[in-house]
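1. okay, sequence plus prediction incoming.
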Amino acid sequence: MTRKDLFKLILDRKSYLCVGLDTDLQKIPTHLRSLPYPLLEFNKSIIDATRDLCVAYKPNLAFYESLGSMGWDLFKQTVEYIGDSHFVIADAKRGDIGNTSKMYAKAFFEHYQVDAITVAPYMGEDSVGPFLEWNDKWVILLALTSNIGSIDFQMIEDENGKSLFKKVLETSSNWGSTDNLMYVVGATHPEAFKEIRSIVPDHFLLVPGVGAQGGDLEKVSEFGMNNHCGLLINSSRGIIYAGSGQNYAEEARNAALGLQQKMAVLLESRFS
């Protein structure tokens, strides 16, 4: 999916919501667990309930890999069920030496046919470059993450007072383009979005941390939105586990709808 296609999708759906599919057998409704394929049933129900409210889905690979070969089948079937009407992100946080990264890229872009993959920048340009060689595919590079531990390294300043995450943005922005490179910037750091936009004004940002982690949608949108929206706001637990009973899919839809309606207002004020 191209940047133009993604922006059109955002305007058409009046949404820049990404639903995170962090599917955990211990957290899905108990009445599903006796089914032959409970996790797939759960994913399909969540997708059906939110299709018209979001533009992207983000399966987190940890929840699938932990199940062994069955989990990889679940991931593949989930991606196939989503289809090509949404931007699909494999939240895999890969990143290794060049020949290994090339194989990771082949696996996710060719075999599983996702649109994007999250990548760690720590090993440098040659570990990221192989992912950027694929046409109409995206690298989403970790820059400033939403977890508490992000301060351990990402906020370390050099002798000139420049934080490591800013150096990551400045250096990596030359590896790709605004058509194939996004960044992860956590909603729990709303104060950083102004400066981030001064470094990468035109790139898309994938923003986790709205919902269960307490990120502020309005502040992130105010400081992070650009002239093609430039934001994908992810919510995982806050949507998919909004309910735990028979009506779990309806509760998930209600949670997604609440975010989408706020996004529609923000988009209207910016692009009307």
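-> Yep, it's here.

2. please count neighbours and contacts with C-alpha atoms only from this point.
-> Will do.

3. quick one: the helices in the stretch 1-150 of the chain?
-> Applying DSSP state H, counting those that start in this stretch to the stretch 1-150 of the chain gives helices spanning 3-13, 38-50, 62-65, 69-82, 98-105, 125-128, 150-153.

4. now K166: which helix or strand?
-> K166 belongs to helix 164-172 when assigned by DSSP states H and E.

5. give me the sheet partners of the helix or strand where I233 lies and which way each runs.
-> Using DSSP H and E, I233 sits in strand 231-235. Sheet pairing for strand 231-235, assigned by DSSP bridges, gives strand 17-21 (parallel), strand 205-207 (parallel).

6. mind checking the pLDDT average for stretch 198-206?
-> Across stretch 198-206, pLDDT averages out at 97.

7. let me fix that, I meant to ask about stretch 210-217.
-> Mean pLDDT, stretch 210-217: 72.

8. show the end-to-end separation of it, please.
-> 6 Å (C-alpha to C-alpha, to the nearest Å).

9. same deal with stretch 231-251?
-> From its first residue to its last, stretch 231-251 covers 25 Å (C-alpha to C-alpha).

10. now that stretch, how far from the centre of its chain.
-> Relative to its chain's centre, stretch 231-251 lies at 15 Å (C-alpha atoms, centre = their mean, to the nearest Å).

11. which parts of that stretch count as buried, going by neighbours?
-> For stretch 231-251, the neighbour count (16 or more other C-alpha atoms under 10 Å) marks 231-244, 248-251 as buried.

12. what of stretch 56-65?
-> Those would be A56, Y57, K58, P59, N60, L61, F63, Y64, E65, for stretch 56-65 by 16+ other C-alpha under 10 Å.

13. which residues does the fifth one bridge with?
-> Translated: N60. D91.

14. relative to L21, which of the helices of the stretch 1-150 of the chain is closest?
-> Among these, the nearest to L21 by C-alpha to C-alpha is helix 38-50 (7.2 Å).

15. distance from the closest one to the middle of the chain?
-> For helix 38-50, the distance to the chain centre is 18 Å (C-alpha atoms, centre = their mean).

16. got it, and stretch 66-84?
-> That offset, for stretch 66-84, works out to 17 Å (C-alpha atoms, centre = their mean).

17. do the same with stretch 27-42
-> 24 Å.

18. what is the lengthiest helix in the chain packed up against?
-> The longest helix of the chain (DSSP state H) is helix 248-271. With contacts taken as 3 or more C-alpha pairs under 8 Å, 6 or more residues apart in numbering; DSSP states H and E, helix 248-271 sits against helix 38-50, helix 237-240.

19. how about those helices in CSV, adding mean pLDDT and distance to E80?
-> As requested, the helices and strands packed on helix 248-271 are arranged in CSV below (pLDDT from 0 to 100; distance: least, C-alpha to C-alpha, whole Å):
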stretch, mean pLDDT, distance to E80
helix 38-50, 98, 11
helix 237-240, 96, 19
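
20. what's the most buried one of these?
-> Of all these, helix 237-240 carries the top mean neighbour count, a mean of 24, counting by mean count of other C-alpha atoms under 10 Å.

21. tabulate the CA atom coordinates of that one in PDB.
-> The C-alpha trace of helix 237-240 is given here as PDB (Å, rounded to 0.1, in the frame of the first residue of the first chain):
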ATOM      1  CA  ARG A 237      -5.900  -4.200  24.800                       C
ATOM      2  CA  GLY A 238      -8.200  -1.200  25.100                       C
ATOM      3  CA  ILE A 239     -10.200  -2.500  22.100                       C
ATOM      4  CA  ILE A 240      -9.800  -6.300  21.800                       C
END
